[in-house]
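# Compute the structure for the input listed below.
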Amino acid sequence: MGELTVGVLRSWARVALTELRRARAEIDELNVYPVPDGDTGTNLYLTWEAACDALPDGELTFAEAVQAFGRGALLGARGNSGVITSQLVRACGLRLAENLPRDQEADAGSVLADPRMSEAAALANALAFAADAAYGAVAQPVEGTMLTVARKAADGALAAANEGKTLAEVCLAAVAGARLALTKTTEQLDVLRRAGVVDAGGAGLVVILGAMESVLSGRPPGQSTGVPRRVTGTGSGAAEADQVGGPSTAGSVGGEVGALGSADGPAYEVGGDGPAYEVMYLLDAADERIGDFRRALAGLGDSVVVVGGDELWNVHVHTDDVGAAIEQGIAIGRPHRIRVTHFADVAPHAPIASRAVIAVAAGDGLAKLFVEAGAVVVKGGPGRRCSTGELLTAIEQSGAPEIVILPNDKDSIAVAEAAATAARQNGIRVAVIRTRAQVQGLAAIAVHDDDLSFDDAVVQLSAAAGQTRHGAVTIAVKDAWTMAGTCRIGDALGVVDGDFALITEDLVAAATGVADRLLGGGGELMTVVRGANASPDLVDALVRHVRRNRKDVDVVVYDGGQERYPLLIGVE
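Below you'll find the predicted structure:
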């Protein structure tokens, strides 16, 4: 792709979100600065997800798209790294859009009004502008952090642009500069050197830049033409020094941490003399008052970051005086969405009086079943995946001090874990039961007992889910190769424990085949969940088959209302 368009922005947003989701846990493990709270990857993921959710569908000008995306990042920013990332994204996008004609339609061509400036040069200029903005937003910038990585990325891009490189080559140079800078963060910050890791926020920024390079170059995310020996990060790019020659791949953010030392190695803890609280809020205030406000916050603590513009600001500070930090905002405007985290709050939880189980349901009937069993329901399932934000809203609205999440879908497990990490920052105790199917969630909720302790309840629900084998039947909508062989449009497919196991001519044969395979490992109870378009004859045929061949097995049938899968089957 040779142009910066709305389509490129959308593609970058999607690819970066996917890569941050994959890298989230590994970036969390790197997190030792400014506090070892293990949440940088999660904060970056949640921030980026909010930006993606804010990007409207339909036709947009480039200026409209980057403005919506940047505002979404600002409003959804979490943690120090998320706030700085929102500033980088917003400043970079707005700088690019400055030269965009107001009447130009989305994807109509180059974003540049001035044909004398190439898009490659414009990208390099925007990266430099964004790095300056990020440094300016931090009251006391620290080298060896994602600020340094952002600066070196911009330097690499500017050098490439001055040499007349293409847009993709400029982006590649930015990634290379970022990756090389990331390896050197360990040398710049003593806390990183002692922990033997690179900067977590910088690693996340490398992931984001790598996603952009993959979109512009057409290379899959994670492929590289040269990987620095001491890098931690995904995305494409060749370091200018200290690199292994020849093609290579960086499979994950933590894939080469061993070269620096492991985050799981000798523990390093930040000393107890630092600020005790993280304070974050949105602030409606006049732009001209922010300079003095930022300096006032710096006098109350550290890690001060104030980003935004147009009278809407995202404020972040680590301090011992929470009240004073909030009062500074009140003095110049209206603080809202205030969040306070106590870093040292690791005391055991007192006995609790209530607990909420949050279940992701793939249909109206399933939602009713979960509600009747006492769960809070979030709609999800194939074609309508739930977001981290939806799960966080459900957690907050429940008001419960203890939460159990049943994602009930393998693709929703990472989303649930990200929501759990974010909720824990607010002092909520959260466990994610890794249910990969709706019937596993039904088995888990059936044994939930409020009288059990939190740990005992988690063990019991996990055991019930783990002892439930799951299957399903569906219809092929395209020709494809599966684990069971090649299927054609209209074939009936049987799924066993998440893999396609049967290809047949009709749904009855698929259903009975799945049931036989699930029961082959034993079982006393079969649960059948009827989909939105399942015929009564299909259900009757399956029930008759099981009762005729396995008289020792009880069968229960529920109306689930799920799409795409006429039957879901579970065996306990």
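
# what's the weakest-modelled helix or strand in this structure?
Ranked by mean pLDDT, DSSP states H and E, the weakest helix or strand in the chain is strand 243-244, scoring a mean of 26.

# How many residues are close by Arg334?
By other Cβ atoms under 10 Å, 11 other residues sit near Arg334. (Glycine included, C-beta is placed from N, CA and C.)

# Does it belong to a helix, a strand or coil?
Assigned by DSSP: H, G, I helix; E, B strand; the rest coil, the conformation of Arg334 is strand.

# got the contact list for it?
Leu283, Asp284, Ala285 (Cβ atoms under 8 Å, 6 or more residues apart in numbering).

# what's the first one in contact with, if anything?
Leu283 makes contacts with Val306, Gly308, Leu312, Trp313, Asn314, Val315, Gly329, Ile332, Gly333, Arg334, Pro335, His336, as judged by Cβ under 8 Å, 6+ apart.

# Drop anything exposed from those.
Among those, those classed as buried by 16 or more other Cβ atoms under 10 Å are Val306, Gly308, Leu312, Trp313, Asn314, Val315, Gly329, Ile332, Gly333, Pro335.

# Can you report phi and psi for the fifth one?
Same thing as Asn314. phi -110, psi 120 (degrees, to the nearest 10).

# do the first one as well
Per-residue torsions, Val306: phi -130, psi 110 (degrees, to the nearest 10).

# tally of neighbours for the closest residue to Leu182 other than its chain neighbours?
Setting aside the residues directly before and after it, Leu182 is nearest to Gly202 in space (Cβ to Cβ, 6 or more residues apart in numbering), at 4.7 Å. Here the number of neighbours of Gly202 (other Cβ under 10 Å) works out to 32.

# Gly202 sits in which helix or strand?
Assessed by DSSP states H and E, Gly202 sits inside helix 200-217.

# That helix - what's its average pLDDT?
In this model, helix 200-217 has a mean pLDDT of 93.

# Same check on stretch 314-334?
Computed over stretch 314-334, the average pLDDT equals 91.

# Sort out which residues of it are buried, please.
Using 16+ other Cβ under 10 Å as the test for burial, stretch 314-334 gives 314-319, 321-322, 324-326, 328-329, 332-333.

# Okay, and which of the residues you listed map to strands?
Judged by DSSP state E, strands contain the following of the buried residues of stretch 314-334: Asn314, Val315, His316, Val317, His318, Thr319, Gly333.

# check contacts around Ile405.
Applying Cβ under 8 Å, 6+ apart to Ile405 gives the contacts Val357, Ile358, Ala359, Leu391, Ala416, Ala419, Ala420, Val430, Ala431, Val432, Ile433.

# Need the residues that contact the helix or strand encompassing the fourth one.
With the criterion set as DSSP H and E, the secondary-structure element containing Leu391 is helix 388-398. Where contact means Cβ under 8 Å, 6+ apart, the residues beyond helix 388-398 that reach it are 45-46, 49-50, 53, 76, 356, 358, 360, 376, 378, 403, 405, 415-416, 418-419, 422-423, 428, 430.

# Quick one, which of these are buried?
The neighbour-count test (16+ other Cβ under 10 Å) applied to those identifies 45-46, 49-50, 53, 76, 356, 358, 360, 376, 378, 403, 405, 415-416, 418-419, 422-423, 428, 430 as buried.

# In strands, which of those fall?
Secondary structure from DSSP E places Ala356, Ile358, Val360, Val376, Val378, Ile403, Ile405, Val430 of these in strands.

# which residues touch the residue lying closest to the fourth one once chain neighbours are set aside?
What it means is Val376. The shortest distance from Val376 to any non-neighbouring residue, by Cβ to Cβ, 6+ apart, is to Ile358 (4.8 Å). Going by Cβ under 8 Å, 6+ apart, Ile358 touches Ala375, Val376, Val377, Val378, Leu391, Ala394, Ile395, Ser398, Ile403, Val404, Ile405, Leu406.

# Between the two ends of stretch 186-194, how far is it?
9 Å (Cα to Cα, to the nearest Å).

# Could you give the average pLDDT over it?
Averaged over stretch 186-194, pLDDT sits at 84.

# cool, and stretch 49-66?
91.

# who touches that stretch?
The contact list for stretch 49-66 (Cβ under 8 Å, 6+ apart) reads 4-6, 9-10, 13-14, 17, 68-73, 75-77, 86, 89, 93-94, 96-97, 100, 102, 104-106, 111, 387-389, 418.

# Pull out the buried residues from it.
Buried, per 16+ other Cβ under 10 Å, within stretch 49-66: 49-55, 60-66.

# Kindly indicate which of the residues you listed lies nearest Val197.
Nearest to Val197, judged by Cβ to Cβ, of those is Glu49 at 24.6 Å.

# where's the closest one relative to Ile405, distance?
Going from Glu49 to Ile405 by Cβ to Cβ, to the nearest Å gives 16 Å.

# likewise Arg294?
As judged by Cβ to Cβ, Arg294 and Ile405 stand 38 Å apart.

# Could you do Phe69 as well?
28 Å.

# go on, Asp450?
Where Ile405 is concerned, Asp450 sits at a distance of 16 Å (Cβ to Cβ).

# what do you get for Asp497?
When Asp497 is compared with Ile405 (using Cβ to Cβ), they lie 21 Å apart.

# Ok, Val439 next?
Distance from Val439 to Ile405, by Cβ to Cβ: 17 Å.

# what's the answer for Phe343, then?
With Cβ to Cβ as the criterion, Phe343 and Ile405 are 24 Å apart.

# how many neighbours does the spatially closest residue to Asp506 that is not a sequence neighbour have?
Excluding the flanking residues, the one nearest Asp506 by Cβ to Cβ, 6+ apart is Ala492, at 5.4 Å. Neighbourhood size, Ala492 [other Cβ under 10 Å]: 21.

# So which bits of stretch 179-198 are buried?
Buried residues in stretch 179-198 (16+ other Cβ under 10 Å): 179-186, 189, 191-193, 195-198.

# chain center to it: distance?
Remark: stretch 179-198 is offset 24 Å from the chain centroid, using Cα atoms, centre = their mean, to the nearest Å.

# which residues in the stretch 201-350 of the chain form helices?
Secondary structure of the stretch 201-350 of the chain, counting by DSSP state H, counting those that start in this stretch: helices at 290-298, 322-332.

# Also the stretch 1-150 of the chain?
Counting by DSSP H, counting those that start in this stretch, the stretch 1-150 of the chain has helices at residues 6-30, 40-54, 62-76, 79-97, 119-137, 146-162.

# what about Arg385, how many neighbours?
Arg385: 14 neighbours (other Cβ under 10 Å).

# On the three-state scheme, it is what?
coil.

# Ok, Thr186 next?
Once three-state DSSP is applied, Thr186 turns out helix.

# what separates the residue nearest to it when sequence neighbours are not counted from Gly201, distance-wise?
Nearest non-adjacent residue to Thr186, counting by Cβ to Cβ, 6+ apart: Leu192, 4.8 Å away. Leu192 is 11 Å from Gly201, where distance means Cβ to Cβ.

# Okay, and the nearest residue to Thr482 once chain neighbours are set aside sits in which element?
Leaving out its chain neighbours, the residue that sits closest to Thr482 by Cβ to Cβ, 6+ apart is Phe500, at 3.9 Å. Using DSSP H and E, Phe500 sits within strand 499-504.

# Counting by contacts, list what that strand packs against.
strand 485-487, strand 492-496, helix 507-519 (3 or more Cβ pairs under 8 Å, 6 or more residues apart in numbering; DSSP states H and E).

# and if we set it to 6 Å?
Packing contacts for strand 499-504, counted by 3 or more Cβ pairs under 6 Å, 6 or more residues apart in numbering; DSSP states H and E, involve strand 492-496, helix 507-519.

# Next step: the contacts of Arg334 restricted to strands.
Using DSSP E, those in strands are Leu283, Asp284, Ala285.

# For the last one, name its beta-bridge partners.
What that stands for is Ala285. When bridges are called by DSSP bridges, Ala285 pairs up with Gly333.
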